[in-house]
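# Compute the structure for the input listed below.
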Amino acid sequence: MTSFETIRLERDPAGVAWLTLNRPEVHNALNPTMFRELAEALDAIEADPGARVVVLSGEGPSFCAGGDFRWQQSQRDQPRAERIRSGRPLADILARLDGFPRPVIGRINGPAYGGGVGMISVCDVAVAVDSAVFALTEVRLGLVPATISPYVAAKLGHSQARRVMLNAKPMPAAEARRLGLVHEVVPAADLDAAIAAELELALRCAPGAVSMTKSLVHYVLRHDEADNLIYTVDRLADFWETEEAREGMQSFFDKRKPAWLRLPAAGKGRAGS
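Modelled structure (predicted):
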């Protein structure tokens, strides 16, 4: 296990990287140390060819309370250039997670506010406990949800993003699912089983194909029909040349499991509760 101050990173033999926000005494509030450590952890995961999927969770009763208020208040008297510099690390982490070349599964173990909602918005799959409540509380404090807004708006859509960002409306877990912020809501006792089911699905799939498909989704949602026609046909042609494609098709005809399924079962309950 790699040692960090504000997060925890564990990797298991199945290829699961368990990435846990670990400041439970302040409900896993985000601060510059956490941004730096998250970047280091993501570097380590990306450099590990055995890391197949990331599970992002929080230690203690909360997922993430958003930005640390003491850190945020300290920016008030800083020069404008310094405030811009201070705001960049969260934007970089969100962009990194959004485009990360491994699936990111959110194990949403409790409430999330502000930047914590932004972190959920960049998860590929998010499973939340039914007791969780979510809110974009910035405007109630005279602030704006600036760096998280592209991801929250993309996740919720134009109308629903306005509904919850302009008035800090709390979202119980069931409503968060209805709006599309999370994909599944379960009792706390069932959270690890639900995550294990998501991991089983993820680990059935060819890792290179998953990474390319994630990039594919990002590209086609940002380009027009003509660009997408060229890009998608090129990617299909590229993948027919990969070892994964050869192995996947051969295993189908041989009626056997492909090589990437020869793994132990993913661990359960490794993240914070």
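
# For the stretch 1-150 of the chain, which residues score under the pLDDT cut-off?
Applying pLDDT under 70 to the stretch 1-150 of the chain flags residues 1-2, 69, 71-77, 82-86.

# Where do the strands of it begin and end?
Counting by DSSP state E, counting those that start in this stretch, the stretch 1-150 of the chain has these strands, from start to end: 7-11, 16-21, 53-58, 104-108, 112-113, 125-129, 133-135.

# Okay, angle between the fourth one and strand 16-21 too, please.
Regarding strand 104-108 and strand 16-21, their directions subtend 50 degrees when assessed with axes from the mean of the first three to the mean of the last three CA atoms, to 10 degrees.

# strands paired with strand 104-108, and their directions?
Paired strands of strand 104-108, with direction, are strand 53-58 (parallel), strand 125-129 (parallel) (DSSP bridges).

# List the contacts of the closest residue to Asn167 other than its chain neighbours.
Distance criterion CB to CB, 6 or more residues apart in numbering; nearest residue to Asn167, sequence neighbours excluded, is Val139 at 7.1 Å. The C-beta positions use only the backbone N, C-alpha and C, and glycine is treated the same way. By CB atoms under 8 Å, 6 or more residues apart in numbering, the residues touching Val139 are Pro145, Met165, Leu166, Asn167, Ala168.

# Can you check what pLDDT the model gives the last one?
Spelled out, that is Ala168. Note on Ala168: pLDDT of 95.

# distance of it from Leu30?
For Ala168, the distance to Leu30 equals 18 Å [CB to CB, to the nearest Å].

# which one of those two has more residues nearby?
Leu30 (27 against 16; other CB atoms under 10 Å).

# Show the contacting residues for that one.
Here Leu30 is in contact with Cys64, Gly66, Gly67, Asp68, Leu90, Gly115, Gly116 (CB under 8 Å, 6+ apart).

# Among the residues you listed, the buried ones, what's the ChimeraX command?
Here is the ChimeraX selection string for the buried members of those, based on 16 or more other CB atoms under 10 Å:
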select :64,66,67,68,90,115,116
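
# Dump the contacts of Leu30 into JSON lines; add distance to Lys155 as well.
What follows is the contacts of Leu30, written out as JSON lines (distance: CB to CB, whole Å):
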{"residue": "Cys64", "distance to Lys155": "15"}
{"residue": "Gly66", "distance to Lys155": "16"}
{"residue": "Gly67", "distance to Lys155": "19"}
{"residue": "Asp68", "distance to Lys155": "23"}
{"residue": "Leu90", "distance to Lys155": "16"}
{"residue": "Gly115", "distance to Lys155": "14"}
{"residue": "Gly116", "distance to Lys155": "13"}
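
# Looking at the contacts of Leu30, which are in helices?
Leu90, Gly115, Gly116 (DSSP state H).

# domain ranges for the chain?
7-202, 207-257 (automatic domain parsing).

# From Arg8, how far off is Ala132?
From Ala132 over to Arg8 (counting by CB to CB), the distance is 20 Å.

# Pick out whichever of those two has more residues nearby.
Neighbours were counted for Ala132 and for Arg8 using other CB under 10 Å; Ala132 has more, 23 against 20.
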